[in-house]
Structure formats: structure tokens, C-alpha cells
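**Q** need a structure here:
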Amino acid sequence: MSPSGLAQRFAGISKVLTVFVVLALLAAVLLVVNNGDGKRYITIDFEQTNSVYKGSDVKILGVPVGEVVSLTPRGDVVRAKVSYKGDVKLPNDVKAVVVSPSIVGDRFIQLAPAYNGSGAVLKDHAYLPVDRTAVPVELDQVYKSLDDLSVALGPEGANKEGSLSKLIDGSAAQLDGQGAQLNETIHNFGKLSTTLSNNKDELFGSLREVEEFVSLLKTNDSAVRSFNDSTAQVSTVLAGEREDLKETLRQLSLALVDVNSLVKENRGKLRSNVDNIASLAALLAKHKDELEETTINAPTALTNVALAYNGTAGSLDTRNDIPEVLFGSATDPTTFLCNMLGETVTDGICKTLKDVLGGLPRTAPASSAPSPEPDPVNRSVADMLAVK
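**A** Numbers count the residues shown, from 1 in each chain. The predicted model follows:
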């Protein structure tokens, strides 16, 4: 590389280094100017700053952490710039209050609440508007309020016609000798306040339920109005029928008198009837199974009777084999006798009869003439129920 090219390269490098050094110096100057003192700053607007001056203390929980840097009037507020130690953290919702430690003397600015170790931290150069500040009531304002009160109660005000004096005299006369009772009343009122405080959850719960009930009525306003209108109509109808209702109630009272006399005169009979009814109910309960069976089978039995009825002959048609009923005992006497005795063929007596009668020859029933053909059975319900 030629000497001229090398010189040009060094010249370019020297320019870059010069710019870098200048920027570094500017950054250092800004750092020293802005936060070189290791402090943080807040701009606060107060309604007034009486007895607060440049250099007044800024405290947290009564501990000084900074001072007032400047006070500048801005319309209806005073803008104060305060500083505090850079290692002190404040919550993002911090407020500023002017505190007066005594009636006479300098005041200081209190920052509250203190940072509890969690949550957002207030940034440097933050701004607190007037709604996040408070100032004490001035002594002259207190004097002025007392003066206004005395004027309002004085001869030019409420006591212009002696009303206040009469009230005081009347109160004194009423309270004369009632100190013990007044003390007890105040004591009982304190107990009432304690009771209400201990039952505040139930009290507010009841109020919430009342609120819900009112909201429900509001939601169903049309239904409530309709109910009220119906009630009013009923009241109107009852008012129009007042005489009829009166007469009905009178007749009812007379009837009740008669019923009372009837019950007294027939008390024994009524008791006997009630006992009989109880006995009948017990009997029915005892035979409830038979009654249930009868209730179930009765429709079928009645249907069979209706089907067996012969409307033409006016009789109930059956298909019993009469010869078998009459002469069946001759063909099988053992079974006939056992059926009459209510025993089976395998029982003791019937078994003996079977052994004795088993060897006897069985006689066939006498032949009878062929029975005539039965009358035709009506299958029509109308014919069955017809009466000729």
C-alpha cells in the first residue's frame, strides 16, 4: 500500500474515533446532568402549599428521603418538583400529602403508601395530578367557619326571634334530672351499634334479598299490575255482592247451630255408627284379597252369564252331560265316594276302598234315548238381551 493510501485510511479512522469520543462525552454530560446526583424526581400539583418552601422535607412514614426542589404557581394549582433518594422505591399509585406537624411551623410533604416489595414501581420524573394530593385545612378557614356558625346562630340568624334560646331552654328543662336515663340511653345505643356491627353480614344479606325481590317485581311489572287489577275486580264484585254474602253467612251460622244441636242430641247414635263403620272398614280390610279377586273375576263371570243367556227360551244354556253326572258313580264308585269324603284316591280310607271295590265289575250306564238337538244359541248380544 502506498504511503498516501495509508495516510487516508488513518485519517478515516481518526474521524470515526473523534465522533465516538464526542458521543461518549455527551452521554456522560447528560448522565451527570440528569441523574448524576443519584436522586429521583417527581412533579406534583397541589391546591396550595402554605408553609411549604424550597428545601422543605419530603418524608415516607415520617422518615426524610428527599426535599422540595422548586415551587411554581400554575393557574389555580402550585406545581412542586421534589427529589428523593435513588435507592428508595415508591409504588406506582403513590399519593402526596402536605402535613402540618403543628399549628405554627414549617410543613413537609408525605409520600404514601410506602412500597411493600411487590407491584409496579413509580418511574423517575413521574407526575402526580391534583386528585392524588391533599392539603390540610388552614387555621383561618377554621376561624372563618366558626365565625359563620356563630353568625348563623346569632341574633341575626337562627336566634333572631329567640328560637335558638327557647330550644336550649326547653332542652335544658327536659334534660334536668334525666342524666342517668340519658346515660343509659346512650349506653343502650352503643350496644345497638355493636349488635348491628356484629350482624352486618346478615343485615346486608337481608337488604340484598329485598333488592333482589324489588328487582324481580320490576322485571315482572306487567304480571304484578295484572294481579293488582284482578284483585281490584274481585274486590268490586265482593262489594256488589255484600248483601248476598251477609245473608249467606247468616244462614250458614244458623245451619251450624242446627248441626251442633243435631250432633249433641244424637251423639250416642253417631258414635255407634262410627264404630260400625270402623268395624265394616276392618272387615273389608280383612277380606281385601277376596274383594280384589271378586272385582277381577266378576266382569268375566257376568260376561259368561250374558253369553249363556238364551233370549228365545229365556234360560241359561249349558252343556253338562246329565247321564255322566247321575250315573258316573256307578261306573267308578271309588272316585265318587272319595270325592264325597273330600279325599284323594291315594289317602288311607280311599286306598282301602279302592282295594275293596277295585275287583267289582263296573256297570255301564243304561243307554238312553238320543238326546234331542239343543236349541240354537243366540250369538248376538242384542238377541241375548231381548225380552219376548
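**Q** pLDDT value on Phe204, please?
**A** According to the prediction, Phe204 has pLDDT 84.
**Q** with Asn50 instead?
**A** In this prediction Asn50 is given a pLDDT of 87.
**Q** quickly note the distance from it to Ser102.
**A** 14 Å (C-beta to C-beta, to the nearest Å). The C-beta positions use only the backbone N, C-alpha and C, and glycine is treated the same way.
**Q** and the helices in the stretch 201-350 of the chain?
**A** In the stretch 201-350 of the chain, the segments counted as helices under DSSP state H, counting those that start in this stretch are 221-240, 242-265, 267-286, 288-308, 322-331, 333-341, 348-357.
**Q** related to what we said a few turns ago, and Asn50 and Ser102? Which one has more around it.
**A** When neighbours are counted by other C-beta atoms under 10 Å, Asn50 and Ser102 differ, and Asn50 comes out ahead with 14 against 7.
**Q** secondary structure class for that one?
**A** Look at Asn50: counting by DSSP: H, G, I helix; E, B strand; the rest coil, its state is coil.
**Q** and for the one 4 residues further on?
**A** Following three-state DSSP, we place Lys54 in the coil state.
**Q** nearest spatial neighbour of it, skipping sequence neighbours?
**A** By the measure of C-beta to C-beta, 6 or more residues apart in numbering, the closest residue to Lys54 outside its immediate chain neighbours is Val68, 5.6 Å from it.
**Q** the one you found bridge partners, please.
**A** Bridge pairing for Val68 (DSSP bridges) gives the partners Val82.
**Q** number of residues surrounding it?
**A** Val68 is surrounded by 20 other residues when neighbours are defined as other C-beta under 10 Å.
**Q** for it, what are its contacts?
**A** 52-58, 80-82, 109 (C-beta atoms under 8 Å, 6 or more residues apart in numbering).
**Q** how about Gly157?
**A** By C-beta under 8 Å, 6+ apart, the contact list for Gly157 reads Val151.
**Q** tell me the spacing between it and Leu164.
**A** Using C-beta to C-beta, we find Gly157 at a distance of 8 Å from Leu164.
**Q** of the helices of the stretch 201-350 of the chain, flag the one that's most buried.
**A** Among the helices of the stretch 201-350 of the chain, judged by mean count of other C-beta atoms under 10 Å, the one packed with the most neighbours on average is helix 333-341 (a mean of 15).
**Q** domains for the chain, by residue range?
**A** What the record gives for the chain is the domain set 1-36, 42-141, 179-230, 300-388, from automatic domain parsing.
**Q** sketch out the low-pLDDT regions of the stretch 201-350 of the chain for me.
**A** For the stretch 201-350 of the chain, the stretches with pLDDT under 70 are 318-350.
**Q** give me that answer again for 90
**A** In the predicted model of the stretch 201-350 of the chain, residues 201-250, 253-254, 256-276, 278-350 satisfy pLDDT under 90.
**Q** same deal with the stretch 1-150 of the chain?
**A** Low-confidence segments of the stretch 1-150 of the chain, defined by pLDDT under 90, span residues 1-39, 50-51, 75, 100-106, 117-119, 136-150.
**Q** ranges for the helices of it?
**A** Under DSSP H, counting those that start in this stretch, the stretch 1-150 of the chain gives helices at 3-35, 139-153.
**Q** what lies in contact with the shortest one?
**A** What that stands for is helix 139-153. With contacts defined as C-beta under 8 Å, 6+ apart, helix 139-153 is touched by 103, 157-159, 164.
**Q** return the members of the residues you listed classed as buried.
**A** Those of the contacts of helix 139-153 that meet the buried threshold are 159, 164, by 16 or more other C-beta atoms under 10 Å.
**Q** and the contacts of helix 139-153 as JSON lines, adding distance to Thr312?
**A** Converted to JSON lines, the contacts of helix 139-153 look like this (distance: C-beta to C-beta, whole Å):
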{"residue": "Ile103", "distance to Thr312": "133"}
{"residue": "Gly157", "distance to Thr312": "123"}
{"residue": "Ala158", "distance to Thr312": "120"}
{"residue": "Asn159", "distance to Thr312": "124"}
{"residue": "Leu164", "distance to Thr312": "121"}
